[in-house]
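> Show me the folded form of this:
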Amino acid sequence: MSAIEISDKELVESYLNGNQSSFEILINRHQSRVFAYIVMLVKDRQLADDIFQDAFIKVIRTLRSGAYNEEGKFIQWVMRIAHNLIIDHFRKSKRLPIAESGSDDYQLVDKLGFTDSSIEEKIITEQIHDDLRKMIDYLPEEQKEVLYLRLYAEMSFKDIAEMTNVSINTALGRMRYALINMRKMVKEKNVSLTY
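Here you go, the predicted structure:
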């Protein structure tokens, strides 16, 4: 059975039975989503690295202590841990995350792989991704978070609501307003998001 076919639950059980490589598979499977989420909120790759490592250290400790309650939601649980560590960081530093648009931003939208496209198509695609990142940066933090969790972390609205401690209706509303705000920005700025 390949690693892709093994569920998170089976990998966790295997890790708890002493198979260290099972945890490596879990990390490899979920690291890009977790790291991208952290970077999106903290806007600092080095800080994101630290929080990412802290999150997985906490995951290991919780798993080893037997305190993990398997409900088939491993990735949501890990995202919740990362989310709480981000909140703790900002509470300790007594500041809120600031959305900046710079070249160091983690390229959230650039998850779309390039095929054998022409240089012109690549340039256009890069411009579209850049425009999307800039528009996302202008969204209020709550809307930005729900948009990212839904589209890039592929979480359900129920899981997003649980993770962010809001009702499902609130999570749906934030997504709706994020899309409305992005549509307004596209219209106002006359941005073309197609070839």
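
> Now tell me what touches the helix or strand where residue 50 lies from outside.
Using DSSP states H and E, residue 50 maps to helix 45-65. Residues outside helix 45-65 that contact it (CB atoms under 8 Å, 6 or more residues apart in numbering) are 12, 15-16, 23, 27, 31, 34-35, 38-39, 42, 68, 77-78, 81-82, 85-86, 89, 104, 106. Yep, even glycine has a C-beta here, placed from its N, CA and C like the rest.

> Low-confidence bits of the chain, can you list those?
Within the chain, the ranges that satisfy pLDDT under 70 run 1-4, 70, 72, 94-122, 124-125, 129, 190-195.

> Now do the strands in it.
Secondary structure of the chain by DSSP state E: no strands are present.

> Could you list which residues are in contact with the residue sitting nearest the centre point of the chain?
Centre of the chain computed as the mean C-alpha position; nearest residue by CA atoms, centre = their mean is residue 37, 2.8 Å away. The contact partners of residue 37, taken as CB under 8 Å, 6+ apart, are 79, 82, 83, 148, 149, 152, 153.

> Switch these over to JSON lines; also include neighbour count and distance to residue 140.
Converted to JSON lines, those look like this (neighbours: other CB atoms under 10 Å; distance: CB to CB, whole Å):
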{"residue": "79", "neighbour count": "23", "distance to residue 140": "20"}
{"residue": "82", "neighbour count": "25", "distance to residue 140": "20"}
{"residue": "83", "neighbour count": "21", "distance to residue 140": "17"}
{"residue": "148", "neighbour count": "21", "distance to residue 140": "13"}
{"residue": "149", "neighbour count": "26", "distance to residue 140": "15"}
{"residue": "152", "neighbour count": "16", "distance to residue 140": "18"}
{"residue": "153", "neighbour count": "20", "distance to residue 140": "18"}
